[in-house]
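Asker: model this:
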Amino acid sequence: MPSPISADRLLRNLIAGKKFTDDDILGAVENRRKVLTNCFGSFTLSNLGELMCLNANGLSHSLKKDQPTVHSDQGKFSLRTQGVFAGLPFARRVSAEKTYTTFGIARSGEWLSIQVDFTRILPVGGGYYEKALAVRVAEVDLPTLLRDTGNVPSGVWMFLDFVVDDWVQKRFRLYQDALAVQRGFKEEDAIFRILTSHSQ
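Answerer: Numbers count the residues shown, from 1 in each chain. Reported below is the predicted structural model:
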């Protein structure tokens with residue numbers, strides 16, 4: 001398992017002109033995972049079953065709608081497992097049956113390798129519907145995750161970046177909504193004070 005590498009060490013290596021080894025890169029990704037999971041208690045996390053699959057005509061539905069069979073070590077993970085999950089690929093799919101692999105981090109902090117078996121159903125009206133038949137979830141280390149998913153460290157790095165960006169945007173929208181309500185209440189407070197003072 002690569003050792004986490006902090007932002008301070010990244011900066012020191014940059015200043016020193018040191019070239020990163022593969023282990024250094026994996027360590028930097030591990031540090032991001034560690035920082036991110038420390039924040040999990042403060043944010044609403046999605047369920048594995050909320051991953052989206054394709055419907056006919058390019059629409060989508062959640063994985064849990066298909067009620068696939070879930071396989072994991074000792075039943076540790078299910079469609080209700082909370083965490084952050086990279087989406088299933090939405091590239092044009094041509095085969096009738098296919099397995100797609102993605103990844104995530106469980107609320108408890110483990111890297112997850114996720115495989116979903118699909119079959120293609122041709123509905124009336126054209127297009128096709130992807131039905132999830134089975135989901136296999138395994139707790140893995142980062143090198144195994146990269147091998148299973150065909151991903152690269154920079155792809156996982158940027159996914160974790162996206163997760164934080166999404167959190168910030170959602171919190172900012174929530175802040176704006178709360179601020180608008182607060183302003184409305186303050187305006188009403190002023191009017192309320194005037195009206196109640198006149199009635200006394």
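Asker: the strands in the chain, which residues?
Answerer: Counting by DSSP state E, one finds strands in the chain at the ranges 46-47, 52-54, 60-62, 69-72, 82-85, 97-106, 111-121, 129-140.
Asker: Remind me what the third one packs against, helices and strands.
Answerer: So the one you mean is strand 60-62. strand 52-54 (3 or more Cβ pairs under 8 Å, 6 or more residues apart in numbering; DSSP states H and E). Yep, even glycine has a C-beta here, placed from its N, CA and C like the rest.
Asker: and the strand it packs on, how far from the chain's centre?
Answerer: Relative to the centre of its chain, strand 52-54 is centred 15 Å away, using Cα atoms, centre = their mean, to the nearest Å.
Asker: Outside of that strand itself, list whatever touches it.
Answerer: 60-63, 66, 87-88, 90, 93, 116, 118, 128-132 (Cβ atoms under 8 Å, 6 or more residues apart in numbering).
Asker: Name every strand pairing with that strand and say which way it goes.
Answerer: Counting by DSSP bridges, the strands paired with strand 52-54 are strand 60-62 (antiparallel).
Asker: Report the distance from the partner strand to the chain centre.
Answerer: 16 Å.
Asker: Now residue 152, what are its backbone angles?
Answerer: Here is the backbone geometry of residue 152 (degrees, to the nearest 10): phi -120, psi 160.
Asker: Now do the contacts for it.
Answerer: residue 146.
Asker: Same check on residue 131?
Answerer: Contacts of residue 131 (Cβ under 8 Å, 6+ apart): 53, 66, 118-121.
Asker: which one of the residues you listed has the most neighbours?
Answerer: Counting neighbours by other Cβ atoms under 10 Å, residue 118 leads the contacts of residue 131 with 23 neighbours.
Asker: and the nearest residue to it once chain neighbours are set aside, what are its bridge partners?
Answerer: Excluding the flanking residues, the one nearest residue 118 by Cβ to Cβ, 6 or more residues apart in numbering is residue 130, at 4.8 Å. Beta-bridge pairing for residue 130 (DSSP bridges): residue 120.
Asker: Show me which pair in the contacts of strand 52-54 is furthest apart.
Answerer: Spanning the widest gap among the contacts of strand 52-54 are 87 and 128, at 18.8 Å by Cβ to Cβ.
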